[in-house]
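> generate coordinates for the sequence data below:
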Amino acid sequence: MILLIASRELRRLWLSPVAWTLLAVAQGLCAWLFLLLIDDFRNLQGRLVGLENPPGVTDLVAAPLFRVAVWCFLMLTPLLTMNLISEERRSRTLDLLLSSPVSVAAIVLGKYLGVLVFLLGATALIALMPLTLGTGTTLDVGKLLAGWLGLALLVAGFAAAGLYISTLTSQPMVAAVATLGLLLFLCVIDLRTVGGEAAGSLLGYLSLLGHHDALLRGLFDSADVVYYLLFSVTFLGLAIQRLDNERLGH
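Model prediction:
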């Protein structure tokens, strides 16, 4: 049943001109930046020759591309997740869905899986951009894969948070704005430069971008992966609890 709901949600996204327009804008911005980064790398090559351990194309092209892609998905994800539950509530089909013999967990996981597949496809398209440079230069495949993994995990967390916010309202645009605000807060929460050491350490751990930056540097740490998995599972659990309470209320 989860796969059936996921395929229905994915089909809705594939047939939505809004989703394709958003995806095209995000891909276009990343492609434009990719070309600018390649041009900058070519201009820097003469100065990099004299360095003992010069940064490669992965550090100067792929890593900045993935960093900017984060902000593209920060804007894109709330607009794709805002309809997951709130549209069902607004169109009054949520009551029918909750009264069906389908578990709440299956509903939440199915909708999450559908939008996640769509978003992961978008991250794969972005990862293919620097990968094309492998024919003419040497890529650090390990760093490239770590950077893509970080982006994929971050997007998975974005989608889980957006799904949960979508369960709280019947207005999709309210869900989109609330999701954007929450994700933006969690991205800039790292205030170690102005807070105390203990507070800074805690906020640094909670920061979504802090764990992503480590993966971009090629520093694969299972703690970063676990953080993103726990982040996603937490919001999915909150979404399930929210809808389960609503089902019991009926």
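> what separates Ser207 from Leu215, distance-wise?
Distance of Ser207 to Leu215, given as C-beta to C-beta, to the nearest Å: 13 Å. C-beta coordinates here come from the backbone N, C-alpha and C atoms, glycine included.
> do the same with Lys143
Distance from Lys143 to Leu215, by C-beta to C-beta: 9 Å.
> between these two, which has more neighbouring residues?
For Lys143 versus Leu215, the count of surrounding residues by other C-beta atoms under 10 Å is larger for Leu215: 26 against 20.
> which stretch of helix or strand covers the more buried one?
Using DSSP states H and E, Leu215 maps to helix 208-216.
> need the helix or strand of the protein with the lowest average pLDDT.
helix 197-206 (a mean of 60; mean pLDDT, DSSP states H and E).
> contacting residues around the residue positioned nearest the centre of the chain?
For the chain, the residue sitting closest to the mean C-alpha position, by C-alpha atoms, centre = their mean, is Val155 at 1.3 Å. Contacts for Val155 (C-beta atoms under 8 Å, 6 or more residues apart in numbering) come out as 73, 77, 116, 119-120, 122-123.
> element containing it?
In the assignment (DSSP H and E), Val155 maps to helix 141-166.
> and that helix, which residues are buried?
Buried residues in helix 141-166, counted by 16 or more other C-beta atoms under 10 Å: 143-144, 146-166.
> cool, and stretch 11-26?
12-13, 19, 22-23, 26.
> which member of those residues is positioned nearest Pro101?
Pro101 has its nearest neighbour among the buried residues of stretch 11-26 in Arg12, at 22.1 Å by C-beta to C-beta.
> which element, helix or strand, includes that closest one?
helix 2-14.
> after that helix, which helix or strand is next?
helix 17-48.
> as a whole number, average confidence for the next helix or strand after that following helix?
Following helix 17-48 in sequence order, the next helix or strand is helix 57 (DSSP H and E). Taken as a whole, helix 57 carries a mean pLDDT of 78.
> what are the contacting residues of helix 57?
Here helix 57 has contacts from 41, 130, 133, 137-139, using C-beta under 8 Å, 6+ apart.
> which parts of whatever helix or strand comes next after that helix are buried?
Scanning forward in sequence from helix 57 by DSSP H and E, the next helix or strand is helix 63-81. For helix 63-81, burial by neighbour count (16+ other C-beta under 10 Å) applies to 63-67, 69-70, 72-81.
> helix 63-81 - contacts with which helices or strands?
On a contact count with 3 or more C-beta pairs under 8 Å, 6 or more residues apart in numbering; DSSP states H and E, helix 63-81 meets helix 17-48, helix 104-131, helix 141-166, helix 172-187, helix 208-216.
> what's the angle from the following helix or strand past the last one to helix 208-216?
This means helix 208-216. Counting by DSSP H and E, the next helix or strand C-terminal to helix 208-216 is helix 222-249. Between the axes of helix 222-249 and helix 208-216, defined by axes from the mean of the first three to the mean of the last three C-alpha atoms, to 10 degrees, the angle is 140 degrees.
> distance from helix 222-249 to the middle of the chain?
Centroid displacement of helix 222-249 relative to its chain, using C-alpha atoms, centre = their mean, to the nearest Å, is 16 Å.
> residues contacting Cys30?
Residues counted as contacts of Cys30 (C-beta under 8 Å, 6+ apart) are 65, 68-69, 72, 126, 129.
> please read the previous query as pertaining to Ala239.
85, 108, 160, 163-164, 166-167.
> and the average pLDDT for stretch 28-42 is what?
Computed over stretch 28-42, the average pLDDT equals 90.
> in it, what's buried?
Neighbour-count burial for stretch 28-42, counted by 16+ other C-beta under 10 Å, picks out 30, 33-34, 37-38, 41.
> include distance to Val188 when you put these into a markdown table, please.
Output for the buried residues of stretch 28-42, formatted as a markdown table (distance: C-beta to C-beta, whole Å):
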| residue | distance to Val188 |
| --- | --- |
| Cys30 | 21 |
| Leu33 | 21 |
| Phe34 | 25 |
| Leu37 | 24 |
| Ile38 | 29 |
| Phe41 | 28 |
